[in-house]
Each structure stands twice: as C-alpha cells, then as structure tokens.
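**Q** this is the structure alone, sequence omitted:
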C-alpha cells in the first residue's frame, strides 16, 4: 500500500462536489489541484445562497433517501456516510452554525453562501489545495493526460487520479455547461441525455392574463399530476409558470411533455378547504358584489387565483355552485413546453450508474472518479440537491484514497 502524499490528484470542477472531494483528498494526504473553468469557484453555490442556501433537510433519513427516486439505491451509501447530521457538523466546523426552518429545511445562520465558502476556501488553503482557474476541460490526450483550454493556450496535465465534478447543464454562465458529455461519450461511457429539472414550464396564456398577472404568486396551493400531489407555491411568468410546487412535479411533467407534447396540471386553489365547505361558502347570497369580489371575500382567493380560474374556463357559469367549487379544487393548466435547461435550477441525466463502481470510479477509465450532478440522478429542491452533491463528492474523494492505497508501486 502506498502513501497518498506520493500522488498528485486533479479535481476538475470547483462546485460543492469538487471542493468536498478536494477536502477529503487533502485530509488524506494527497496533493490536490482543483481545475475550474471560471475565474473563481463556487459560483452556483453563491447563487443558491441568494435564496437562503438550503443545505439539506432534517427529515428522517429514509424519507430523505426516497426523494432520489430510482437513484436512491446507488446514492444511499454515500448519503449514509455523509448524512445531513454530518453535513451540519461540517458546517459547524467551519464556524457556520445551522438551523432548521419551519419546513424542515436546513440553512446556515447567515442565510447566505459567502461566509461558508470563504471559510471553506480558507481551510482548503491551509490544507495546501492548489487552484487553477480559467481551465476548461476538454478530455484526455493519447497518453491519458488531462487537456485544458486556458487563456494562455492548451495545456496537458498529468495526474495519478482524477475526480470529475463538472456539474450538469443548468446555469451554464456559472460554469456548468455540460461540455463534458462529448469527451466521455467518445470514450464509450454511457450518458443519459441532460434534461432540465426543477424547472419552469411553458403555458399559452392569453394576452389579458399574461399582461395583468405576470410576476404574481399563487400561494398555499395544491398541485397534482398523474396521481402525484404536493403543496406549495407557484409564480406566473410571462411565458408560463414556475416555483417550488412546480419544481416538485417537474420530473413527471417534463417526461409527460416529452412523450405527448403537453401535460395538464391540476391546481387546487384552496387545498385547506373541503369541496363541501367550498360549496357552502359559494352558496351564500352574493348580492350586488362582482364575482371577483365575492370570490375574494367568500373563499379568500387572490386576484391572480381568480384570474387563473377565469383563464382556465372563462365560459363556466358562476351560478353553478357545484361546478365552480369543483373547478376551484382542480383548475386545469395545460403545459405545452419545458423552459430551457440553461434556466433550470438543476439538470437530470448524466453518467449512468452502471458506468461507475461502488466508489464512483469509471469502470472504463480506472483512476477517474465522477461526483455530483454529473451522475444520472435528480431530486427536488429542499436541500436534497446539495446534500447529494456534498455526499458524492466526499465518497469520490474516499474512493480515490482507497484506489491510491492499492495501486502497485511504479
């Protein structure tokens, strides 16, 4: 067995997965260089921090693991090894206390990413992790060296092991553009097509609705499709609809649109009221009130919710109380497209799990490991994305150390 300090390891990608792999490797004694195509690391992490930096979730581990769908069995060992409690302890070790919000989501006390990232980079610097910026990975040369395009020209880098953590294809201006697909595919590595996840959808709004309600929220609603229901919020956009409730169903909605060109989402505008209670309230005398005023007062619908109700069925007679109540409980919204992947919160698809071993090493390229959103998994927002990125980064780092410990002496 060899001493890890004898080896140079390249980590390609400076997001959460890559930085976590670098930390594990440096702590294990390896000499680590992180190669990043942007002028700085952690740019998407900083963007996520604008909304509070949802690090993980406090729900029971089995419930959390179920959020990863078909990928759960392959992600389970990594997440069990670096579970939410371990992630919170890691943050505390960087001087960043965490707390559990009312929804069960976990955030740093600072509610932003910059203090955490600064402390993390300080620790990595103390561990002598090196950084090479503006290095755009292009694949390998004939001798197995990593090829990068830099402002100074193309360079080739030799390393004893590699961790690829280049992200998916959402928000490419922050560094993850999916450009890694081509060099891996050329090597015969199976890759599921990259698709938008936690994304917005296209709706053919009328001009009247679009112009009046663009940017308006739909709060405390229920959303359902194909037997799957969630509670959450949504936001009317000029081209369609997005928001937390939409993101939770984005996978099944996206796949339905891919199969048939459209999907009809059902929105319950008052999920806290039963159909019978709605009918009772709607059956009260309306007097001289307009329908909008009556709906606002009787069932507490917002102007945007009333507008959505009319948009979905402008011809429905207001005098039919039973039909109106049923429509409020299930407003049909026809989705006709998926917003571009460049604006999605995350992406689905990536390196097939059959292409990696239990330690996330590529079977076709021994000594090369893959972590984070490059792998073929997806999860809803709520802390699950970062949890898996951190956990697979740590697992890949440990996988490299294990590999190096058993590589024969040269």
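**A** Ah, there it is. Every value quoted in this text rests on a predicted model; they were computed, and no experiment measured them.

**Q** buried sites along stretch 137-148?
**A** Residues of stretch 137-148 classed as buried by neighbour count (16 or more other C-beta atoms under 10 Å): 137, 138, 140, 146, 147, 148. For glycine as for every other residue, the C-beta is placed from the backbone atoms N, C-alpha and C.

**Q** pretty sure the last one is touching residue 140, no?
**A** So the one you mean is residue 148. No. Using C-beta atoms under 8 Å, residue 148 is not in contact with residue 140, being 10.8 Å away.

**Q** surely residue 220 is in contact with residue 272?
**A** Yes. Counting by C-beta under 8 Å, residue 272 is a contact partner of residue 220 at 7.2 Å.

**Q** the more surrounded of the two?
**A** Legend: neighbour count by other C-beta atoms under 10 Å for residue 220 and residue 272, higher for residue 220 (17 against 10).

**Q** which positions in the helix or strand hosting that one come out as buried?
**A** Following DSSP states H and E, one finds residue 220 within strand 217-225. Within strand 217-225, the residues that qualify as buried are 218, 220, 221, 222, 223, 224, 225, counting by 16+ other C-beta under 10 Å.

**Q** for that strand, give me every contacting residue.
**A** Residues outside strand 217-225 that contact it (C-beta atoms under 8 Å, 6 or more residues apart in numbering) are 229-236, 243, 245-246, 248-249, 252-253, 256, 263-269, 271-272, 302, 304-305, 308, 330.

**Q** ditto for stretch 58-70
**A** Contact partners of stretch 58-70, identified using C-beta under 8 Å, 6+ apart, comprise 56-57, 72, 75-76, 79-80, 83-84, 100, 104-106, 251, 377-380, 382, 384, 387-388.

**Q** mind doing that once more with 10 Å?
**A** With contact meaning C-beta atoms under 10 Å, 6 or more residues apart in numbering, stretch 58-70 is reached by 56-57, 71-76, 79-80, 83-85, 88, 98-101, 103-106, 248, 251, 348, 353, 376-380, 382-385, 387-388.

**Q** residue nearest the centroid of the chain?
**A** By C-alpha atoms, centre = their mean, the chain has its centre lying nearest to residue 346, at 3.8 Å.

**Q** buried ones in the lengthiest helix in the chain?
**A** Using DSSP state H, we find that the single longest helix of the chain is helix 384-406. Neighbour-count burial for helix 384-406, counted by 16+ other C-beta under 10 Å, picks out 384-401, 403-404.

**Q** find the residues that touch each one of residue 148 and residue 140.
**A** Jointly contacting residue 148 and residue 140 under the rule C-beta under 10 Å, 6+ apart are residue 156.

**Q** returning to that earlier point: ok, so of the buried residues of stretch 137-148, who is nearest residue 182?
**A** The closest of the buried residues of stretch 137-148 to residue 182 turns out to be residue 138 (C-beta to C-beta; 8.9 Å).

**Q** can you give me phi and psi for the residue nearest to the closest one when sequence neighbours are not counted?
**A** In space, and not counting its chain neighbours, residue 138 is closest to residue 147: 4.4 Å by C-beta to C-beta, 6 or more residues apart in numbering. With angles defined as degrees, to the nearest 10, residue 147 sits at phi -100, psi 130.

**Q** surely residue 147 meets residue 183?
**A** Yes. Using C-beta atoms under 10 Å, residue 147 is in contact with residue 183, at 8.3 Å.

**Q** which neighbours do these two share?
**A** 137, 138, 139, 140.

**Q** the third one: which element?
**A** Secondary-structure element containing residue 139, defined by DSSP H and E: strand 136-140.

**Q** now do that strand: everything it contacts.
**A** 10, 12-13, 35-38, 146-151, 154, 156-157, 162, 164, 166, 175, 177, 179-180, 182-184, 186-187, 365, 368.

**Q** and if you look at stretch 270-283?
**A** The contact list for stretch 270-283 (C-beta under 10 Å, 6+ apart) reads 220-224, 229-232, 268-269, 294-295, 297-301, 305, 318, 320-330.

**Q** and those residues, which of them are in strands?
**A** 220, 221, 222, 223, 224, 229, 230, 231, 232, 268 (DSSP state E).

**Q** in space, what's closest to residue 192 - neighbours in sequence excluded?
**A** residue 349 (4.0 Å).

**Q** contacting residues for that neighbour?
**A** By C-beta under 10 Å, 6+ apart, the residues touching residue 349 are 168-169, 178, 181, 191-197, 341, 373-378.
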